[in-house]
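Student: no FASTA, just this:
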């Protein structure tokens with residue numbers, strides 16, 4: 001069970017963060033509108049070799065939920081506050097989905113804090129990003145919330161994956177979020193534009209993506225890999241958005257192997 005602490009961000013917002021395992025520090029960044037439980041099912045895969053560090057984004061979990069102040073750059077500054085609170089000068093960072101956008105900001109604007117970088121199922125956003133198709137948007141926006149939840153599950157996992165899992169599913173969002181925080185997370189993710197960030201990333205970088213990801217289209221992965229200096233690309237064949245969970249036997253070792261040589 002991870003130990004939890006509370007620290008104060010630069011604007012006074014209280015951020016809950018968790019750490020577990022032993023070894024060099026590895027920050028794990030979750031997707032949009034999710035707290036640290038996003039990593040519950042796979043966290044142990046990293047704890048034998050790393051001290052894993054997670055946080056509840058502002059607006060989620062046990063962190064404060066301010067009315068304003070949501071962006072991927074602000075989330076990145078919150079990560080710096082967590083590292084400062086733990087006395088960690090430099091860490092490896094693995095960001096997935098919106099967490100990958102936060103990780104881009106962290107690596108570009110705070111390069112001294114990032115040793116190695118892994119970006120999973122994410123995109124550059126803005127002018128470079130490849131948007132999900134209209135049918136996916138329609139499925140997620142339908143008024144029947146049960147149907148929308150099922151659509152999200154099917155975007156996260158393959159039919160074979162869902163057939164062998166009965167939940168609980170950790171990647172469907174924090175149900176305790178206030179409406180203003182949920183809107184803030186959406187604005188933060190939608191407002192991210194990595195066009196000016198990617199070329200400034202100096203950390204060795206691994207880009208991972210499921211080949212069958214429609215929630216964050218797989219076409220975003222080569223865009224990232226081409227624009228980040230010295231990045232490597234690893235596509236996970238057949239995987240959807242939650243590749244890091246359903247294909248953990250492939251994804252976890254790929255990240256650890258990369259970080260061991262970064």
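Tutor: Happy to help now that I have it. No experiment lies behind these values; they were computed from the predicted model shown.
Student: and residue 153, what does it touch?
Tutor: Residue 153 makes contacts with 162, 169, 172, as judged by C-beta atoms under 8 Å, 6 or more residues apart in numbering. In this view, the C-beta of every residue, glycine as well, is placed from N, C-alpha and C.
Student: now the residues you listed as JSON lines including pLDDT and neighbour count?
Tutor: Shown next, in JSON lines, are the contacts of residue 153 (pLDDT from 0 to 100; neighbours: other C-beta atoms under 10 Å):
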{"residue": "162", "pLDDT": "96", "neighbour count": "16"}
{"residue": "169", "pLDDT": "95", "neighbour count": "17"}
{"residue": "172", "pLDDT": "97", "neighbour count": "17"}
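Student: So the spatially closest residue to residue 58 that is not a sequence neighbour versus residue 69, what's the distance?
Tutor: Nearest non-adjacent residue to residue 58, counting by C-beta to C-beta, 6 or more residues apart in numbering: residue 13, 5.2 Å away. Here residue 13 is placed at a distance of 7 Å from residue 69 (C-beta to C-beta, to the nearest Å).
Student: Can you check which residues contact both of these two?
Tutor: Here residue 13 and residue 69 share the contacting residues residue 58, scored by C-beta under 8 Å, 6+ apart.
Student: before we move on, back to that, and for the residue nearest to residue 58, the neighbour number?
Tutor: 18 (other C-beta atoms under 10 Å).
Student: Would you confirm that it contacts residue 78?
Tutor: Yes - in this structure residue 13 lies within contact range of residue 78 using C-beta atoms under 8 Å: 7.5 Å.
Student: Now the common contact residues for those two.
Tutor: With C-beta under 8 Å, 6+ apart as the test, residue 13 and residue 78 both reach residue 58.
Student: And the helices in the stretch 101-250 of the chain, which stretches?
Tutor: 134-141, 145-156, 159-163, 179-190, 220-227, 243-246, 248-261 (DSSP state H, counting those that start in this stretch).
Student: Please name whichever of the ones you listed is nearest to residue 125.
Tutor: Checking the helices of the stretch 101-250 of the chain against residue 125 by C-beta to C-beta gives helix 179-190 as the closest, at 7.5 Å.
Student: I'd like to know which elements the closest one is packed against.
Tutor: Counting contacts by 3 or more C-beta pairs under 8 Å, 6 or more residues apart in numbering; DSSP states H and E, helix 179-190 packs against helix 72-86, helix 98-109.
Student: any chance of those helices in TSV, plus distance to residue 184 and mean neighbour count?
Tutor: Shown next, in TSV, are these (distance: least, C-beta to C-beta, whole Å; neighbours: other C-beta atoms under 10 Å):
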stretch	distance to residue 184	mean neighbour count
helix 72-86	10	21
helix 98-109	12	28
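Student: Need the ones you listed in TSV (columns: distance to residue 148 and mean pLDDT).
Tutor: As requested, the helices and strands packed on helix 179-190 are exported to TSV (distance: least, C-beta to C-beta, whole Å; pLDDT from 0 to 100):
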stretch	distance to residue 148	mean pLDDT
helix 72-86	24	98
helix 98-109	18	98
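Student: would you list the ones you listed in CSV and tack on distance to residue 210?
Tutor: Compiled in CSV, these are given as follows (distance: least, C-beta to C-beta, whole Å):
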stretch, distance to residue 210
helix 72-86, 22
helix 98-109, 13
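Student: Tell me which of those helices approaches residue 37 most closely.
Tutor: Residue 37 lies closest, by C-beta to C-beta, to one member of the helices and strands packed on helix 179-190: helix 98-109, at 13.2 Å.
Student: how far out from the middle of the chain is the closest one?
Tutor: Centre-to-centre, helix 98-109 and its host chain are 9 Å apart (C-alpha atoms, centre = their mean, to the nearest Å).
Student: packing partners for it?
Tutor: Contacts defined by 3+ C-beta pairs under 8 Å, 6+ apart place helix 98-109 against strand 25-29, helix 72-86, strand 91-96, strand 114-120, helix 179-190.
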